[in-house]
Structures are given as structure tokens and as C-alpha cells.
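K.L.:
Using only what follows, build the 3D model:
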Amino acid sequence: MDIKQWMSIFLFAAAAIMLFISWLAYRKRHLPVAKTVFFMMLAAAFYAFGYGLEVLSRTLDEFKLSLQIEYLGIPFSSTLWLLLVIQFAGIAAKRRKQLAVALMIIPALVFGFHLTNDWHHLVYERYILNMDSEVPLYTTIKGFWYKVHGAYNYGVMLFGMLLFIPLYWRSPSLMRKQIVILAFGGAAPMLLNAVFWFGIRVDLTPFGFVVSGIVYVWGIYRFNLLRLMPLAQAKLFDTIRDGVVLIDGDDRIVSFNRAAASVIGELSGIARYPAETAVALTAHPELLESIRGAGSGEAQFPFRRTDGERTRYYACSLTPIIEADAQPIGKILMLNDITELKENEARLRENARQLAELNTFKDKLFTVVAHDIRDPIALLVSLTELLGEELTAAGREHAELFLELKDQVNGTFHLVEQLLDWYRSQKGQIVFSPMSWNLQQVVRQALALAGAKSGIKRIDLTENIDARLAVRADKEMLDLILRNLLSNAIKYTGIGGLIEVGASQEGESVVVSVRDNGAGIDPDISELLRLEEPFFKPPVQGDESLNARFGLVLAREFVRIHGGRLWFDSVPGEGTTFYFSLAGFAGGLAEFVEGDREGESG
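P.N.:
Residues are numbered from 1 along each chain as shown. Below you'll find the predicted structure:
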């Protein structure tokens with residue numbers, strides 16, 4: 001085979017390599033940089049394939065047709081390479097499309113002028129047959145737009161190389177290798193194209209694309225060329241709010257972000273990279289010691305520094321960087337600012353201390369209520385009862401007024417008693433000891449105690465409870481619940497009224513009801529009680545329902561301790577029914593207790 005055939009085979013092989021790279025890029029087409037590589041290598045493939053046909057051409061028409069195929073790629077290859085560099089560097093991300101259109105104006109004009117060159121000869125003025133050489137078949141006399149395109153191509157390549165210089169110095173080791181691959185792949189075709197300036201008439205540019213293709217294939221498989229974008233990552237690196245310092249395997253600082261420089265001001269003074277960690281962190285010996293003490297594994301440690309009058313706190317983590325062969329090649333130091341968290345923690349501790357003091361004061365206050373208020377009121381109750389009986393027996397004047405005073409004193413005493421019961425329940429001082437009880441017997445005891453008060457108003461107290469019903473409850477709490485509900489019912493039921501206590505089984509619970517035909521609950525108070533707030537909101541001064549309302553709140557809390565709930569239905573002027581649920585059984589007390597024992601043994 002002659003030299004023309006060898007050249008054409010080599011050029012066709014180069015075109016195949018370009019198409020292979022285009023296929024690799026197409027597989028990763030979801031990445032913008034991969035799309036640019038696809039079009040760039042496709043343009044280079046047209047260039048190489050067309051030049052292979054040009055070498056084999058035997059007539060001027062075949063020569064011109066080959067040039068037309070070449071010009072599917074010649075005008076665009078260098079511009080696409082520059083776009084690749086811009087994407088790789090992360091420049092002008094918001095105006096990338098407008099920039100691409102602007103850069104493609106001259107290549108598009110060159111393509112159009114060459115397509116219509118026979119009309120105006122702006123690209124090639126004429127073609128001269130080579131009588132003394134087989135390659136190329138024709139020597140072309142270049143026109144104005146060929147020279148414009150040549151100058152544009154060299155300008156594009158120079159600008160791309162200039163972009164690589166700062167990018168190279170700002171990037172870590174792996175990214176620098178990618179930058180070198182991209183730069184070399186772009187420089188090879190242009191360097192071989194430059195031989196035209198030395199009088200060589202054979203266009204060696206496509207052979208430069210062969211070199212580019214081989215280098216790019218190696219970069220794709222060895223360094224993930226289509227996956228990483230150094231400056232874009234560097235920008236992300238800089239925008240991380242936590243401080244990040246990259247340390248190589250020799251404990252030298254190779255890079256850091258702005259957040260790290262704000263934490264360790266000495267980093268900004270580093271003149272050359274990599275910098276010795278011992279030198280850069282001289283002002284922070286505790287941090288340097290923690291980094292050295294971590295060895296090759298992961299570590300976490302605190303760090304703090306003084307910023308004016310404020311101390312700043314950081315949670316540091318040191319993570320090894322592992323290469324593909326599982327060899328450690330460096331470390332990443334992360335500095336997470338937790339100053340606000342520490343300050344909030346200090347404020348919370350102070351708040352907790354103040355709350356503890358307030359709680360202690362509250363306990364002392366209730367101690368005062370228990371001893372210095374309750375006991376005198378209890379004595380006052382006893383005295384008023386004695387005096388009331390004497391005044392009534394003697395028929396003295398103002399006996400009714402004194403009886404009213406006695407009722408007020410009694411009400412105040414009961415309120416204090418209930419307040420203390422509620423406080424003990426909130427403090428956990430009331431022992432909850434549930435046992436099985438016959439509900440009918442418990443209710444009859446409560447009715448007997450309330451009989452004296454109901455007898456004054458001639459209120460009929462009845463119970464309608466199955467003798468077999470048993471409940472599991474704390475006896476003291478259950479008595480208090482019934483006492484409060486009966487007291488309220490008596491208070492708001494008129495003379496000659498009716499109060500009935502009933503119960504029914506609902507599933508595994510027993511629902512107890514206390515029904516009266518009294519005045520009912522005021523709608524405003526009813527809404528307040530339905531909120532079921534876990535605390536009692538005091539009424540306005542002069543509200544006589546204080547005792548009753550607080551008793552209901554206390555009863556509801558005790559029912560909740562049993563795992564049940566308390567609710568009511570009320571119609572003003574017709575009466576009120578209170579309900580509460582407890583764990584219960586309708587098989588009699590013995591069966592209920594035996595069932596409990598079986599459940600506990602199971």
C-alpha cells in the first residue's frame with residue numbers, strides 16, 4: 001500500500017476513536033459536560049473522516065466534497081473545546097446558553113461561507129494541482145475568512161489555556177490530572193495545525209485529534225473525566241458553611257474553604273501549597289495535637305478560639321480520604337460552628353436553675369398553705385360550728401347570718417383541702433394503689449357521707465348499680481371522685497331534688513354516672529370544663545363556683561390517673577349528668593380479683 005492508503009486508514013481509525021468517545025459521552029448525556037464532549041468528538045470525527053477521503057480523492061470534485069465533510073467539524077471543534085473548558089470550570093453558569101450562541105457565530109459563518117465558497121471564494125480563493133506530490137492532491141490558496149477563522153481558533157485555544165492556569169493551582173491532586181488531560185487534548189491538534197506556519201503543506205491537525213482521543217479515553221476510564229468538574233466543585237467547596245481543610249498524606253495542607261479561613265485566620269497567610277500543618281497551625285497547638293493524635297483513622301474532638309470578647313466553639317471531625325485501591329491519600333478536617341448551640345445550652349441551664357428555684361419557692365408556698373393556712377381554717381371551722389349551734393339553740397338574733405358565715409368558712413376549707421390534694425397528685429406524693437372493689441358498696445359509702453348535706457335540702461339520693469359490678473381503682477381516689485361529684489350535684493340541685501348514681505359495663509370498662517335534676521351548668525363554665533386543660537384557671541373575684549369547678553378538675557385528674565376519662569352532659573334548667581370510666585368487670589368481685597391474678601400470672 002502507498003502512503004495515501006496508509007494515511008487514510010490511520011485517519012479512518014482516528015475517526016472511529018472519536019466516534020467511540022462520542023458514544024461514551026452519549027451514555028453520560030445527563031451531564032452537560034458530557035454533551036459537549038459528544039459534539040466535540042463528533043466534529044473531530046467528521047474532520048478526520050473527511051480528511052481521509054481527501055487523501056484518497058483523485059479529482060477536484062472529490063477533493064471539494066471531502067472538504068465539505070471536513071467542514072462539518074473544522075469550524076466547531078475548537079469552540080466546542082472552549083465550551084467544555086467553561087463548563088468544566090463552572091464559569092457563567094446562568095448565561096451559558098447565551099455564551100455558547102455568541103461563541104458559535106464565527107464558526108457558523110465559516111461553515112456557511114465554505115458551503116457556498118464556489119460563489120464568492122471567501123474561504124478558498126482557488127485550488128492548485130500539486131504536480132510534485134501525491135498528498136495533498138491540491139494546494140489551496142486561503143481567503144479572508146479562512147484567516148479570520150484561523151485567528152479565531154488560536155484565540156479560543158489561548159483563552160482556554162489561560163482559564164486552566166488559575167483552575168490548576170486551586171484544585172486538588174485528582175482534579176489537576178483531569179485539567180492536564182483536557183489541556184493536552186486541546187493543545188495537541190492546535191500544535192500540529194501550527195506546522196502550516198513552517199511551510200509543511202500536509203494538514204496534521206486530524207492526527208492531533210487522534211492524540212486527543214487516546215488521552216480522553218484514558219482520562220474517562222482512569223480519572224472519571226466526564227464526572228467531575230473541578231471549579232464547580234471548588235465553588236461548592238467554598239459555599240459550605242462548615243470549615244473544610246484538605247490535608248495530604250504527609251500532613252500538609254493542600255486546600256481549604258472560606259469558612260475554614262474565617263475560623264483559622266492563619267490559613268489565609270499561606271503563600272505556597274502544600275503547606276506544612278505544623279507551620280500553618282502554630283497558633284493553635286491543641287488543634288494540631290488533635291490532628292496528629294488521630295493517626296490514620298476517623299476522629300472527633302472539640303476546638304475553641306477567642307473572637308474578641310466572645311468564645312467560639314467548634315465540633316471537629318477528621319476523616320481519611322481513601323483512593324480506589326483502599327490506600328489513604330489524605331484527610332478532611334471539618335470544623336462545625338456550635339457556638340450558638342453552646343450558648344443556648346448555657347441559657348437553658350440558667351433557665352433550668354431559675355425554674356428549680358421557682359419550683360422550690362412554689363413548694364414552700366404550698367407548705368405554708370398546708371400548715372399556716374389550712375390549720376387555722378380548720379380551727380375556724382370547728383369554732384363556727386360550735387358557735388352556730390349555740391346561737392341556734394338560744395334563738396339569738398343574727399343566727400342565720402352566722403350560719404351563712406359558717407358555710408363560707410366550710411367552703412374555703414374544702415377548697416384548701418382540694419388544692420392540697422391536687423398539688424400532691426401533681427408532685428406524685430399521692431400513692432396510686434389500685435385494687436378490686438365492689439362498686440355498689442363504694443357508692444353506698446359515698447352516699448352515706450353525703451346524706452347529711454343532702455338531707456338539709458331534702459334531696460333524694462339513690463343508687464342503681466348491679467351488685468356484681470367490680471372496679472379496679474385506688475380507694476382513696478375513687479372516694480374523692482365520688483365525693484366531689486356528689487357535692488357538686490347537691491350544691492346545684494334545688495330543695496326536694498333527685499340525685500341518682502348508676503353504672504353500666506361497656507367492654508372492659510365500667511361507666512359510672514351521677515345524674516341530678518338541678519340547675520345545670522352555665523354555658524360559659526361548660527365550655528371551660530370541656531377544654532379539659534391539665535390545670536385550673538382561677539375565676540374572677542366573687543365567683544361562687546370556685547369550689548365546685550376546682551373539685552371537677554381534681555376529679556378529672558384522678559380519673560385520668562386510672563386510665564379513664566370524665567365527661568358530662570348538661571341542659572340548663574333540667575340537670576346535669578357526669579360520667580367517668582374505670583377498668584371493671586360484671587362477674588362479681590371474686591371473679592374480678594381471680595381474673596386479675598390470672599392476668600398477672602400470664
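K.L.:
Quick check: the residue nearest to the spatial centre of the chain vs E298, distance?
P.N.:
Nearest to the centroid of the C-alpha atoms of the chain, with distances taken as C-alpha atoms, centre = their mean, sits R241, at 15.3 Å. Separation of R241 from E298 (C-beta to C-beta, to the nearest Å): 21 Å. In short, each C-beta sits where N, CA and C put it, glycine included.
K.L.:
How about the contacts made by the residue nearest to the centre of the chain?
P.N.:
A259, D337 (C-beta atoms under 8 Å, 6 or more residues apart in numbering).
K.L.:
7 Å - rerun?
P.N.:
A259 (C-beta atoms under 7 Å, 6 or more residues apart in numbering).
K.L.:
that's a strand at it, yeah?
P.N.:
No. Counting by DSSP: H, G, I helix; E, B strand; the rest coil, R241 is not part of a strand but coil.
K.L.:
From D337, how far off is it?
P.N.:
The gap separating R241 from D337 is 8 Å, by C-beta to C-beta.
K.L.:
so how far is the longest helix along the chain off the chain centroid?
P.N.:
Using DSSP state H to define each element, the chain has its longest helix at helix 339-368. Relative to the chain's own centre, helix 339-368 is displaced by 30 Å; criterion: C-alpha atoms, centre = their mean, to the nearest Å.
K.L.:
so T79 makes contact with V101?
P.N.:
No. Look at T79 against V101 with C-beta atoms under 7 Å: they stay out of range, at 11.1 Å.
K.L.:
more crowded one of those two?
P.N.:
T79 (22 against 10; other C-beta atoms under 10 Å).
K.L.:
so where's the stretch 351-500 of the chain shaky on pLDDT?
P.N.:
Flagging of the stretch 351-500 of the chain using pLDDT under 70 yields the residue ranges 358, 361-383, 385-408, 410-431.
K.L.:
and the longest helix of the chain, what does it pack onto?
P.N.:
If contacts are counted by 3 or more C-beta pairs under 7 Å, 6 or more residues apart in numbering; DSSP states H and E, helix 339-368 sits against strand 310-322.
K.L.:
same question for the strand it packs on, mean pLDDT?
P.N.:
Per-residue pLDDT values across strand 310-322 average out to 85.
K.L.:
so who does the closest residue in space to T493 that isn't next to it in sequence touch?
P.N.:
Leaving aside its chain neighbours, T493 sits nearest to G518 (3.5 Å; criterion: C-beta to C-beta, 6 or more residues apart in numbering). Remark: with contacts taken as C-beta under 7 Å, 6+ apart, G518 is in contact with A489, Y492, T493, G494, G497, G575, T576.
K.L.:
Farthest pair within those?
P.N.:
Spatially, the most separated pair among the contacts of G518 is G494 and T576, at 12.8 Å (C-beta to C-beta).
K.L.:
So if I had to pick from the two, which one is more boxed in?
P.N.:
T576 (23 against 12).
K.L.:
In a helix, P189, correct?
P.N.:
Yes. Looking at P189 with three-state DSSP, it is inside a helix.
K.L.:
And the nearest residue to it once chain neighbours are set aside, how far from A43?
P.N.:
Leaving aside its sequence neighbours, P189 sits nearest to G208 (C-beta to C-beta, 6+ apart; 3.3 Å). G208 sits 13 Å away from A43, taking C-beta to C-beta as the criterion.
K.L.:
next one: Y146
P.N.:
Taken as C-beta to C-beta, the span from Y146 to A43 is 18 Å.
K.L.:
Show me which of those two is the more surrounded one.
P.N.:
Taking neighbours as other C-beta under 10 Å, Y146 and A43 compare with A43 leading, 25 against 19.
K.L.:
Quick one: mean pLDDT for the helix or strand where A259 lies?
P.N.:
With secondary structure defined by DSSP states H and E, A259 is part of helix 258-263. Helix 258-263 comes out with an average pLDDT of 82.
K.L.:
residues of it that come out buried?
P.N.:
R258, A259, A260, A261, V263 (16 or more other C-beta atoms under 10 Å).
K.L.:
Which pLDDT value does the model give the residue lying closest to S581 once chain neighbours are set aside?
P.N.:
Nearest non-adjacent residue to S581, counting by C-beta to C-beta, 6+ apart: G564, 3.9 Å away. You'll see G564 listed with a pLDDT of 91.
K.L.:
what do you get for the one 5 residues further on?
P.N.:
Predicted confidence (pLDDT) for D569: 91.
K.L.:
so it sits in a helix?
P.N.:
No. Using three-state DSSP, the assignment for D569 is strand, not a helix.
K.L.:
Can you say which helix or strand has the residue nearest to it when sequence neighbours are not counted in it?
P.N.:
Here the nearest residue to D569 in space, its sequence neighbours aside, is T577; by C-beta to C-beta, 6+ apart that works out to 5.0 Å. In the assignment (DSSP H and E), T577 maps to strand 575-585.
K.L.:
So which residues make contact with that strand?
P.N.:
469-473, 481, 485, 505, 508-518, 520-521, 559, 562-570, 591-592, 595.
K.L.:
model confidence over that strand, on average?
P.N.:
For strand 575-585, the mean confidence score works out to 91.
K.L.:
Adjacent strands (with direction) for it?
P.N.:
Here strand 575-585 is paired, per DSSP bridges, with strand 470-473 (antiparallel), strand 509-516 (antiparallel), strand 566-571 (antiparallel).
K.L.:
tell me the most buried of those?
P.N.:
Comparing the strands paired with strand 575-585 by mean neighbour count (mean count of other C-beta atoms under 10 Å), strand 470-473 ranks first with a mean of 25.
K.L.:
Dump the C-alpha coordinates for that one into CSV.
P.N.:
Below are the C-alpha coordinates for strand 470-473, written out as CSV (Å, rounded to 0.1, in the frame of the first residue of the first chain):
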residue,chain,number,x,y,z
ALA,A,470,-66.5,-4.5,90.4
VAL,A,471,-63.9,-1.9,89.5
ARG,A,472,-60.2,-1.7,89.8
ALA,A,473,-59.3,1.6,91.5
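K.L.:
which outside residues touch the helix or strand following it?
P.N.:
Counting by DSSP H and E, the element after strand 470-473 in chain order, helix or strand, is helix 475-491. With C-beta under 7 Å, 6+ apart as the test, helix 475-491 has contacts from 421, 435, 437, 442-443, 446, 449-450, 453-454, 457, 459, 499, 514, 516, 518, 548, 551-552, 554-555, 558-559, 561, 578, 580.
K.L.:
Go again with 8 Å.
P.N.:
414, 418, 421, 430, 432, 435, 437, 442-443, 445-447, 449-450, 453-454, 457, 459, 461, 471, 499, 501, 514, 516, 518, 548, 551-552, 554-555, 558-559, 561-562, 576, 578, 580, 582.
K.L.:
What of stretch 308-326?
P.N.:
243, 246, 263, 287, 290-291, 294, 296-306, 328-339, 341-342.
K.L.:
got any ranges where the stretch 101-250 of the chain has weak pLDDT?
P.N.:
Judged by pLDDT under 70, the stretches of the stretch 101-250 of the chain that qualify are 132-135, 167, 170-176, 193-204, 206-207, 209-210, 213, 217, 219-239.
K.L.:
the strands in it, which residues?
P.N.:
Assigned by DSSP state E, counting those that start in this stretch, the stretch 101-250 of the chain shows strands spanning 124-129, 138-142, 243-248.
K.L.:
got these as a markdown table, with distance to F159 and mean neighbour count columns?
P.N.:
Below are the strands of the stretch 101-250 of the chain laid out as a markdown table (distance: least, C-beta to C-beta, whole Å; neighbours: other C-beta atoms under 10 Å):
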| stretch | distance to F159 | mean neighbour count |
| --- | --- | --- |
| strand 124-129 | 27 | 13 |
| strand 138-142 | 23 | 14 |
| strand 243-248 | 29 | 22 |
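K.L.:
what would those strands look like in CSV with distance to W6?
P.N.:
Formatted as CSV, the strands of the stretch 101-250 of the chain follow (distance: least, C-beta to C-beta, whole Å):
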stretch, distance to W6
strand 124-129, 22
strand 138-142, 20
strand 243-248, 47
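K.L.:
about what we covered before: where does the residue nearest to T493 fall, helix, sheet strand or coil?
P.N.:
Secondary structure, three-state DSSP: G518 is coil.
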